[in-house]
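Novice: A predicted structure for the sequence below; I have some questions about it.
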Amino acid sequence: MKKRIVVLTMAVLFGLSAVACGSEGGSSSGGTDTSTESSSSGSSDSGTVANKDKPLVWFNRQPSNSSTGELDMAALSFNEDTYYVGFDANQGAELQGTMVKDYIEANIDTIDRNGDGVIGYVLAIGDIGHNDSIARTRGVRKALGTGVEKDGSIDSEPIGTNTDGSASAVQDGSIEVNGKTYTVRELASQEMKNSAGATWDAATAGNAIGTWSSSFGDQIDVVVSNNDGMGMSMFNAWSKDNEVPTFGYDANNDAVAAIAEGYGGTISQHADVQAYLTLRVLRNALDGVDVDTGIGTADEAGNVLSDDVYVYNEEERSYYALNVAVTAENYQDFTDSTKVYEPVSNQLDESSHPTKKVWLDIYNASDNFLSSTYQPLLQNYDDLMNLDIDYIGGDGQTESNITNRLGNPGQYDAFAINMVKTDNAASYTALLSQ
Ligand code: BGC
């Protein structure tokens, strides 16, 4: 009996070492392959890469202080293969503000619904602690002249209701068209957070427009939202029937299609470029090649991005996609938000880019932009880049709901992280440092 156990043990050991040899020999099924050639950095003598040295990309929520916006450089430079991928929030916010202003000017004869000389708008704020949301609130207020300076930048606080123009975080702006001056007023703004804590909450925005319209509906001439999820909820609940132009952000498919039915416009944050960059920086680190490969420098398959679609800020270790306004004039070009970006749509060769296993989370599985645009794009690119990704969907409220599912980082070759709160990077890096 004893002898049989020994023999069995030997067989198991032998079997294991055969598997290990197989994976070193470049087995393509080896999603968990941790051989030295799998990364440019930090391999140990045993040929296994420590979790703290594996490629890591933060995306969509940039590690930063949610009150001051200051970047969390410890998280952004966690190891030499750590990056952030997002988009240029300020450039996009300025575009959004300008898009709304241009629309008002072009439609000045009909926009003031009750003819009181005041162009009133309401604003749906996504998350008061999220850089993108803060930038968009500022961009809209700046373009419409309703912003008030606070500590060197435009105040981005929600104001509640301001139908009489007395709020202190905003002021009345003015727009002059054809020699006539109109007052512009932010009638109301609110962070769209539900009672459980989920931010950018579309249902909350739908309820808010119900409340606002029933008390001062005839004063609302324009609806603005920090994203399309909330914007479409308000459009469907009220503004479509009342023919009130509504503006969002993200260029989600349903929002782009709604432009034909009166949705005022949206901004594409070039999610097709962001999703590519998110996975490409991991792929490059796993291949041990220069991070610019297939980005600013064409790879052997011909993938390359031109510099009018992204910028790289080396100091911030961040890639930012550039934004484009989507309006009645060009929306036909944006009807499929999940289509891969053609210049980077070439398949990588499996023999020089063997399959690797990636852990990736989406902070809120029901976020419209992330679930209907970003994740489908990632799923298109993961095949092109031979990445075998486990997609983890969070509840949008609690970080631990996601971190609990990063129980075994040793199973993965790389990580892509979308946090619930931008302050919380350390709760992930702690797990990778153990
Ligand atoms: C998107 C929003 C989304 C948020 C989630 C933003 O960049 O524009 O639509 O809700 O990210 O973090």
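Specialist: Noted; the coordinates are in hand.
Novice: ok, now which ones touch residue 137?
Specialist: 123, 125, 154, 156, 189, 226 (CB atoms under 8 Å, 6 or more residues apart in numbering). (Each C-beta comes from the backbone N, C-alpha and C, glycine too.)
Novice: quick one: the longest strand anywhere in the chain near the ligand?
Specialist: Ranked by residue count under DSSP state E, the longest strand found in the chain is strand 180-191. No - using CB under 6 Å from any ligand atom, strand 180-191 stays clear of the ligand, with a minimum separation of 12.5 Å.
Novice: residues of the stretch 151-300 of the chain that sit close to the ligand?
Specialist: 200, 227, 229, 249-250.
Novice: repeat the analysis, applying 5 Å as the threshold.
Specialist: 200, 227, 250 (CB under 5 Å from any ligand atom).
Novice: show me the contacts for the second one.
Specialist: Okay, so that is residue 227. Applying CB under 8 Å, 6+ apart, the residues contacting residue 227 are 126, 200, 248-250, 368-369.
Novice: what's the answer for the last one, then?
Specialist: Going by CB under 8 Å, 6+ apart, residue 250 touches 227-229, 266-269, 271, 337, 368-369, 373.
Novice: and it, that's in a helix?
Specialist: No - applying DSSP: H, G, I helix; E, B strand; the rest coil, one finds residue 250 to be coil, outside a helix.
Novice: got the contact list for the residue nearest to residue 116 when sequence neighbours are not counted?
Specialist: Nearest non-adjacent residue to residue 116, counting by CB to CB, 6 or more residues apart in numbering: residue 219, 7.3 Å away. By CB under 8 Å, 6+ apart, the contact set of residue 219 is 114, 116, 118, 120, 163, 187.
Novice: who's in contact with stretch 165-179?
Specialist: 101, 104-105, 108, 118-119, 141, 144-148, 150, 155, 157-160, 162, 181-186, 189.
Novice: which of the residues you listed are buried?
Specialist: Buried members of those, scored by 16 or more other CB atoms under 10 Å, are 101, 104, 108, 118-119, 141, 144-147, 155, 157-159, 162, 182-186, 189.
Novice: so which of those residues sit within strands?
Specialist: 118-119, 182-186, 189.
Novice: closest one of those residues to the ligand?
Specialist: residue 189 (16.7 Å; CB to the nearest ligand atom).
Novice: residues in contact with the closest one?
Specialist: Residue 189 neighbours (CB under 8 Å, 6+ apart): 122-125, 137, 158-160, 162, 170.
Novice: among the residues you listed, which one sits closest to residue 233?
Specialist: residue 124 (8.5 Å; CB to CB).
Novice: who's in contact with that closest one?
Specialist: Contacts of residue 124 by CB under 8 Å, 6+ apart are 189-190, 192, 205, 208, 223-226, 230-231, 234.
Novice: any idea which of these is closest to the ligand?
Specialist: Nearest to the ligand out of the contacts of residue 124 is residue 226 (CB to the nearest ligand atom; 7.2 Å).
Novice: closest approach to the ligand from the stretch 301-434 of the chain, which residue is it?
Specialist: residue 369 (3.4 Å).
Novice: that residue - nearest residue in space that isn't next to it in sequence?
Specialist: residue 250 (4.4 Å).
Novice: same deal with residue 395?
Specialist: Residue 395 sits nearest to residue 401 (CB to CB, 6+ apart), 4.9 Å away.
Novice: among the contacts of residue 250, name the ones in helices.
Specialist: 228-229, 271, 368-369 (DSSP state H).
Novice: from the residues you listed, which two are the most distant?
Specialist: Maximum distance among the ones in helices among the contacts of residue 250 (CB to CB): 13.4 Å, for 229 and 271.
Novice: those two: who's more crowded?
Specialist: Higher neighbour count among residue 229 and residue 271: residue 229, with 29 against 26, using other CB atoms under 10 Å.
Novice: so who does the more buried one touch?
Specialist: 200, 202, 205, 248, 250, 252, 367-369.
Novice: hmm, the residue of the stretch 301-434 of the chain closest to the ligand is touching residue 252, no?
Specialist: Yes - using CB atoms under 8 Å, residue 369 is in contact with residue 252, at 6.0 Å.
Novice: distance-wise, check residue 160 relative to residue 190.
Specialist: When CB to CB, to the nearest Å is the yardstick, residue 160 and residue 190 sit 7 Å from each other.
Novice: nearest spatial neighbour of residue 338, skipping sequence neighbours?
Specialist: residue 376 (4.0 Å).
Novice: and the one you found, that one's in a helix?
Specialist: Yes - per three-state DSSP, residue 376 lies within a helix segment.
Novice: next, count neighbours for it.
Specialist: 18.
Novice: what stretches of the stretch 101-250 of the chain score poorly on pLDDT?
Specialist: For the stretch 101-250 of the chain, no stretch has pLDDT under 70.
Novice: in it, which residue sits closest to the ligand?
Specialist: Closest point on the stretch 101-250 of the chain to the ligand, by CB to the nearest ligand atom, is residue 227, at 3.3 Å.
Novice: apart from its neighbours in sequence, what residue is nearest that residue?
Specialist: residue 249 (4.9 Å).
Novice: can you pull out the helices in the chain?
Specialist: Here the chain has its helices, by DSSP H, at 2-24, 73-76, 89-106, 108-111, 131-144, 202-216, 228-234, 240-242, 253-258, 271-287, 368-369, 375-384, 399-403, 425-433.
Novice: any idea of the angle the fifth one forms with helix 89-106?
Specialist: Relative orientation of helix 131-144 and helix 89-106, computed by axes from the mean of the first three to the mean of the last three CA atoms, to 10 degrees: 40 degrees.
Novice: excluding covalently adjacent residues, which one is nearest to the spatially most central residue of the chain?
Specialist: Note on the chain: the residue nearest the mean C-alpha position is residue 60, at 3.2 Å, using CA atoms, centre = their mean. In space, residue 60 comes closest to residue 418 once its chain neighbours are excluded; the distance is 4.8 Å by CB to CB, 6+ apart.
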